[in-house]
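**Q** Give me the fold of what follows.
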Amino acid sequence: MKRGAAPPHEVRIIGGLWRRSKLPVAADVPGLRPTPDRVRETLFNWLGQDLTGWRCLDAFAGSGALGFEAASRGAAEVVLLERDRALARSLGASRERLHAGNLRVEQADALAWLARRAPDSFELVFIDPPFDSDLAAPALAAAARVLVPGGYAYLEAGTAADAEQLTALGWQVQRQGRAGQVHFVLLQRA
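**A** As a prediction, the model looks like this:
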């Protein structure tokens, strides 16, 4: 999405059980910027189309596009964290509408929630904080603790990730890309 452009009013799930289902996007929430379809398609091509048995966390859920996409592709458990009360309610309504029994929505601050979570809880953590925040680095550190050895983190940001810095923090860069203003990288816990 172009900087300054209005967010879409809905996004669609692109694969799996709920393919073509739409998720509402609240246009009045500052900083809400859903992951574009083509970026999600690339990410799930990298991960594989089938996430059967995976435990996934969408740490800054927003529209829920990443978490619902993982749940749609067979993840055993998906947790969506959203601090904004109205967005969390909207995510819960989408969960009910899709009968997504493998998905849970929690209204929570992602970093505080991650600090309380047991180690080795997830195979995949999505990290897509607001671009104007400085939450990427602390979220990556918190994600490393809750991932299983060899687990994955997906980071989306307004600037490119520094591969040397990520390596120094114990991450291996698997793949990375850019679509317009969106920089994205798939990392594996070393």
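
**Q** For this structure, give me the ranges with low pLDDT.
**A** 1-8, 27-32 (pLDDT under 70).

**Q** show me where it has strands.
**A** 10-12, 22-24, 55-58, 77-82, 103-107, 122-127, 147-157, 171-179, 182-189 (DSSP state E).

**Q** Could you measure from the residue positioned nearest the centre of the chain over to Val79?
**A** Taking C-alpha atoms, centre = their mean, the centroid of the chain lies closest to Phe126, which sits 3.2 Å from it. The gap separating Phe126 from Val79 is 10 Å, by C-beta to C-beta, to the nearest Å. In this view, the C-beta of every residue, glycine as well, is placed from N, C-alpha and C.

**Q** again, but for Arg20
**A** Arg20 is 24 Å from Val79, by C-beta to C-beta.

**Q** Same check on Arg73?
**A** 16 Å.

**Q** swap in Leu57?
**A** 5 Å.

**Q** Next, show the common contact partners of these two.
**A** Each of Gly67 lies in contact with both Leu57 and Val79 under the rule C-beta atoms under 8 Å, 6 or more residues apart in numbering.

**Q** Neighbour count: these two, which is higher?
**A** Using other C-beta atoms under 10 Å as the criterion, Leu57 and Val79 rank with Leu57 on top: 28 against 21.

**Q** Overlap of the contact sets of Phe126 and Val79?
**A** 56-58, 67.

**Q** Regarding the protein, what is its longest helix?
**A** helix 85-98 (DSSP state H).

**Q** what's in contact with that one?
**A** For helix 85-98, using C-beta under 8 Å, 6+ apart, the contacting residues are 18, 21, 23-24, 26, 29, 32, 61-64, 68, 80, 82, 100, 103-107.

**Q** Give me the distance between it and the centre of its chain.
**A** In terms of C-alpha atoms, centre = their mean, to the nearest Å, the gap separating the centre of helix 85-98 from the centre of its chain is 16 Å.

**Q** Check stretch 47-61 too.
**A** That offset, for stretch 47-61, works out to 9 Å (C-alpha atoms, centre = their mean).

**Q** Endpoint to endpoint, it covers what distance?
**A** Start and end residues of stretch 47-61 are separated by 19 Å (C-alpha to C-alpha, to the nearest Å).

**Q** buried set for that stretch?
**A** 47, 51, 54-61 (16 or more other C-beta atoms under 10 Å).

**Q** out of the residues you listed, who's nearest Trp113?
**A** Using C-beta to C-beta, Ala59 is the member of the buried residues of stretch 47-61 that sits closest to Trp113, with 8.0 Å.
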